[in-house]
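Asker: Give the three-dimensional model of this entry:
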Amino acid sequence: MDDTYQGYINRVAPQTLAIAYEQQLINAQGSPKFDQGQPVPFPGFSVVTPIAADDPTNQSFYGHLTTVQGQVGEILGESFVAVPPESLHLTVADLIWDGPYQALRRHNPDFEKQLCNCLQHSFADHQHQSGPYSGCQ
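Answerer: Numbering: from 1, shown residues only. Predicted coordinates:
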């Protein structure tokens, strides 16, 4: 097994333990992307999967995710506000945001294009079973 992959597994595996979930709940904080439950402008660059409604290849995955969402809602009750299942998606990476993102864009007008090229190269090297990466948008 590749050292990078093993390092990732060693870092992520402990996060799946019950004690890790408890600690994450204790440390949960509000997101600067929302103010009183409403989204606010938040410049940055993230890698996200298509929303469920736009991703016919992975419908079974989104079906499972919807089931889990329902189970979490049952456990947390009214304190849990679910997004509509058709808008479910995964954030693969929040790469850069807010001040550093804005500074890089000011100093390098080609920053987003260069970042997209790097992502395309990375995804091309590690294609998923569902097919090739379709490009940066």
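
Asker: what about I75, distance to C116?
Answerer: Per C-beta to C-beta, to the nearest Å, I75 is found 39 Å from C116. For every residue, glycine as well, the C-beta is placed using N, CA and C.

Asker: Then D54?
Answerer: 19 Å.

Asker: So I75 and C116 - more neighbours on which side?
Answerer: Taking neighbours as other C-beta atoms under 10 Å, I75 and C116 compare with C116 leading, 15 against 9.

Asker: ok but that one is inside a helix, no?
Answerer: Yes: under DSSP: H, G, I helix; E, B strand; the rest coil, C116 falls within a helix.

Asker: What mean pLDDT does the strand or helix carrying K113 get?
Answerer: If you go by DSSP states H and E, K113 is part of helix 111-125. Mean pLDDT, computed over helix 111-125, is 83.

Asker: mind saving the C-alpha coords of that helix as PDB?
Answerer: The C-alpha trace of helix 111-125 is given here as PDB (Å, rounded to 0.1, in the frame of the first residue of the first chain):
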ATOM      1  CA  PHE A 111      -5.200  31.700  -9.900                       C
ATOM      2  CA  GLU A 112      -8.500  29.900 -10.500                       C
ATOM      3  CA  LYS A 113      -7.500  28.600 -13.900                       C
ATOM      4  CA  GLN A 114      -4.200  27.300 -12.400                       C
ATOM      5  CA  LEU A 115      -6.100  25.700  -9.500                       C
ATOM      6  CA  CYS A 116      -8.500  24.000 -11.900                       C
ATOM      7  CA  ASN A 117      -5.600  22.700 -14.000                       C
ATOM      8  CA  CYS A 118      -4.100  21.200 -10.800                       C
ATOM      9  CA  LEU A 119      -7.400  19.600  -9.900                       C
ATOM     10  CA  GLN A 120      -7.900  18.200 -13.400                       C
ATOM     11  CA  HIS A 121      -4.400  16.600 -13.200                       C
ATOM     12  CA  SER A 122      -5.100  15.200  -9.800                       C
ATOM     13  CA  PHE A 123      -8.500  13.700 -10.800                       C
ATOM     14  CA  ALA A 124      -7.000  12.300 -14.000                       C
ATOM     15  CA  ASP A 125      -4.400  10.400 -11.900                       C
END
